[in-house]
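K.L.:
Need a 3D model of the sequence below.
(chains A and B)
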Amino acid sequence: MSARDLALQDLSTVADAIASGKTTSVAATEACLDRIETWQPKTNAFLRLNGEKALERARALDKEIAAGQRRSALHGVPMAHKDMYYRKGELSTGGSAIRRDWQAPTTATVLQRLDAAGVVELGFLNMAEFAAGPTGHNVHHGHCRNPWDATRITGGSSSGSGASVAARMVYGALGSDTGGSIRLPAAACGVVGMKATYGRVSRAGALARSWSLDHVGPLTRTARDNARVLAVIAGHDPDDSTTSEKPVPDYERLLQGGVSGLKIGLALPEALVPIDAQVGAAVQAAADALGNQGAKISTAKIPDFTALYRAAEVIVKSEAAAMHRPWMEANEPYANQVRTRMEAGFFIPATQYIDALRLRAHFVREFLGTAMTDVDAVLLPAIPFPIPTIAETDVEASGGPATLAMVARFTGLTRPFNTLGIPALSLPCGFDSNGAPIGLQLIGRPFDEAMLYRISHAYQGATDHHLKVPA
Amino acid sequence: MDDRTRTVAGIASGLQGLKYDDKRLAELAAELQVLNDAVREAATRYLAFDDEPAAFASLMAREAK
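P.N.:
Coordinates of the predicted model:
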């Protein structure tokens, strides 16, 4: 198999081929490095590439396979991660200028788990500064560019994660999601992104945006790949007291159930956000495809998200202002659009912040009791409009209100699920008239990631959007 | 400068040690009004005396599939 062909395989196929001796971790790593050489200049997805170190690691992992030792279903697979997962003694910029030369004092739990599973780490990926930004703009390290059209945004904040997986530079990548930062780049770049239930994946050693709303998760080419990565990184962590002790299911085994008889609520909530006709049609077509496989499609009733969205903003701004205070007081170099989004946090009364946290349980009860009554999952758009250009969404010189309006436009259908803490997955479901991907979201009950993977796997078995590759 | 902007200006200089120009103070005051009003109204409508932040984690565990 040529290096190009190998790079175009999905994570699970390559991992299984490594296990069976049909290929090697070195060959898979070299295939990724070839892709990176071609696609990095076009996308700026990587902030740091560690090619030699990755090959050295791949050689060691191949020796283990030759000796009959397979660490996990990810053994030998090359991945790269958003530059906010700490690795002890190594740079971790968080996409910022402030931490351009900062070395992490510890290694993130999720990286420790991927290391133990035998993953090859190719390097660290571009991201919005301090994980704050839904587009992929970065004034310090250069904007990340969409592999489908380099003039268009990747989505953010996990911009490099979305772009690198879409361009087949890596087989999978970690992102993080505080208001949509996994699902937005997954949707804009045409890959699968999972924001699992709050508490399902450890945040220890991951740069925080907002402790209460941050979620760690994978971006991959297929639902199966995503399930395989989540199974490795999920689970209780003594270093993150918010993680659940609930056992991690075998997500990959649970993929096979099909959707016949499942109940899926379709939501095209025009009353909440304007939904472009192309996006609405693609999401409707996805519902029809699932209906053709036996799923029972109904109309989901979505509660008004206004208060819930505002509560999320209160939480994010308060927590971000607290953690960034020393740097903001010292006038450290932030992008305007990052600094202005945090400033309000200095003026929010503690009572409002606490009430926003108290309201979360109410909002969860309300959503489960309306949208998810008698359904297994809810289906709705991820980004409700065609993917815009980098120039169209550049608000760096436009001031605070323009930034807030831009963020609200992107995150109207994603941020609510961070407040709710329930699982939300983004999946490619078509292309707009500009040739850029369209993404749908699947929303599940707490800790029911397996249901979202099952539906996604059935959908990808009947469609080919995820198989298309940027030229 | 209206009352709410003056309040923000007072917190900035008197409590937080921050300096902003009048235009930015007015923008912040407008942003804060929207956020605080939404949370205060929701809290009045939906929260009871015994509701606490940790109820969220308990509910997620109870509703887990």
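K.L.:
just the helices in the stretch 51-200 of chain A please.
P.N.:
Taking DSSP state H, counting those that start in this stretch as the test, the helices found in the stretch 51-200 of chain A are A:51-66, A:109-116, A:159-166, A:183-189.
K.L.:
For residue A:4, which of these is the nearest?
P.N.:
Closest to residue A:4 of the helices of the stretch 51-200 of chain A, according to CB to CB: helix A:159-166, at 15.8 Å. Quick note: C-beta positions are derived from backbone N, CA and C, even for glycine.
K.L.:
Locate residue 28 within the secondary structure: which element?
P.N.:
Here I'm looking at chain A. Element membership of residue A:28 [criterion: DSSP states H and E] is helix A:25-43.
K.L.:
my bad, the chain I had in mind was chain B
P.N.:
Element membership of residue B:28 [criterion: DSSP H and E] is helix B:22-46.
K.L.:
can you check residue A:367 too?
P.N.:
Here residue A:367 sits within helix A:350-370, counting by DSSP H and E.
K.L.:
And that helix, what does it pack against?
P.N.:
Helix A:350-370 sits against helix A:306-329, helix A:416-420, helix B:22-46, helix B:55-62, with contacts defined as 3 or more CB pairs under 8 Å, 6 or more residues apart in numbering or on different chains; DSSP states H and E.
K.L.:
next helix or strand past that helix?
P.N.:
strand A:377-381.
K.L.:
now the angle between helix A:350-370 and that following strand, please.
P.N.:
110 degrees (axes from the mean of the first three to the mean of the last three CA atoms, to 10 degrees).
K.L.:
from the chain's centre, how far out does strand A:377-381 sit?
P.N.:
From the chain centre to the centre of strand A:377-381 is a distance of 17 Å (CA atoms, centre = their mean, to the nearest Å).
K.L.:
same deal with stretch A:117-137?
P.N.:
10 Å.
K.L.:
List the buried residues for it?
P.N.:
Neighbour-count burial for stretch A:117-137 flags A:117-137 (criterion: 16 or more other CB atoms under 10 Å in any protein chain shown).
K.L.:
will you turn the helices of the stretch 51-200 of chain A into CSV that also has mean neighbour count?
P.N.:
Shown next, in CSV, are the helices of the stretch 51-200 of chain A (neighbours: other CB atoms under 10 Å in any protein chain shown):
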stretch, mean neighbour count
helix A:51-66, 17
helix A:109-116, 20
helix A:159-166, 36
helix A:183-189, 36
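K.L.:
can you tell me how far residue A:376 sits from chain B?
P.N.:
9 Å (CB to the nearest CB, to the nearest Å).
K.L.:
what secondary structure does residue A:338 sit in?
P.N.:
Assigned by DSSP: H, G, I helix; E, B strand; the rest coil, the conformation of residue A:338 is helix.
K.L.:
who in the stretch 301-450 of chain A is up against chain B?
P.N.:
Residues of the stretch 301-450 of chain A lying close to chain B by CB under 8 Å from any CB of the partner chain are A:306-307, A:310-311, A:313-314, A:317, A:328-329, A:343-344, A:346-349, A:352, A:354-362, A:364-365, A:368, A:399-401, A:404, A:421-422, A:444-448, A:450.
K.L.:
Please indicate which of the residues you listed are buried?
P.N.:
A:307, A:310-311, A:313-314, A:317, A:328, A:343-344, A:346-348, A:352, A:354-362, A:364, A:368, A:400, A:404, A:421-422, A:444-448, A:450.
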